[in-house]
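**Student:** Got a sequence here, can you build the structure:
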Amino acid sequence: MIVFDLACPAGHVFEAWFGSSTDYDDQQARGLVSCPLCGAGEVTKAVMAPFVGAKGNQQRSEPAVTTAPSPPTPPGPPPSPEQVKAMLATLAETQAKMLSGAAYVGKRFATEAREMHLGERDEAPIYGEVSIDEARALHDEGVPVAPLPFPVRAPGQDN
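**Tutor:** Numbering: from 1, shown residues only. Just a heads-up that it's a prediction; the model follows:
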């Protein structure tokens, strides 16, 4: 494995690991390397200062000085508590609208989502419960699922 410091035109500097220098060149040529902060695809290798350790039988006379890149500057001031509350309320309303037309399938969610993905049953909006391992398996199989932003009780379990 090799690590490169990469930079985008916006000045974001970040690390990325590759199997080899050739792997980086190949992925860059295919447009698979992009800035994780802004999504820019025009990424280049940044200047790096490699660490070369002292020989095992020698001691360093001065401590090593390392500098971490400064974190990216946020795009503006953070939202106010009222803005956060309004955004969360909008998100909750959106989730409620999505679930109003969906069927709760409980612990059969992984099975039913997989069957729809494979064309073994008609597609329909569903929601339910899965373990972390089941969710990873669905993701790895390419089944288009996503977690809900807010927890949901099964129908009939409200107080």
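**Student:** for the chain, what spans make up the helices?
**Tutor:** 21-29, 81-100, 109-117, 132-140 (DSSP state H).
**Student:** Can you say which of those is packed in most?
**Tutor:** Of all the helices of the chain, helix 109-117 has the most neighbours on average by mean count of other Cβ atoms under 10 Å, namely a mean of 18. All C-beta spots, glycine's among them, are computed from the backbone N, C-alpha and C.
**Student:** which residues does the closest residue in space to Leu37 that isn't next to it in sequence contact?
**Tutor:** Once flanking residues are discounted, Leu37 sits nearest to His12: 4.5 Å by Cβ to Cβ, 6 or more residues apart in numbering. Contact analysis of His12 by Cβ atoms under 8 Å, 6 or more residues apart in numbering lists 35, 37-38, 40, 72.
**Student:** same check, this time on His139
**Tutor:** The neighbours of His139, taking Cβ under 8 Å, 6+ apart as the test, are Val145.
**Student:** Please name the nearest non-neighbouring residue to the residue nearest to the spatial centre of the chain.
**Tutor:** Nearest to the mean C-alpha position of the chain, by Cα atoms, centre = their mean, lies Pro36 at 9.2 Å. Using Cβ to Cβ, 6+ apart and skipping the chain neighbours, the partner closest in space to Pro36 is Phe14 (6.0 Å).
**Student:** correct me, but Arg121 touches Glu112?
**Tutor:** Yes: applying Cβ atoms under 8 Å, one finds Arg121 in contact with Glu112, separated by 7.2 Å.
**Student:** ok, Met116 - contacts?
**Tutor:** By Cβ under 8 Å, 6+ apart, the residues touching Met116 are 122-124, 126.
**Student:** Repeat the analysis, applying 6 Å as the threshold.
**Tutor:** By Cβ atoms under 6 Å, 6 or more residues apart in numbering, Met116 lies in contact with Glu123.
**Student:** Got the domain ranges for this protein?
**Tutor:** The chain breaks down by automatic domain parsing into domains covering 2-45, 81-140.
**Student:** To Ala154, which of the ones you listed lies closest?
**Tutor:** Ala154 sits nearest to domain 81-140 of all the domains of the chain, at 5.9 Å, using Cβ to Cβ.
**Student:** how far away is Glu93 from Phe4?
**Tutor:** 43 Å (Cβ to Cβ, to the nearest Å).
**Student:** meant to ask about Ala89
**Tutor:** 43 Å.
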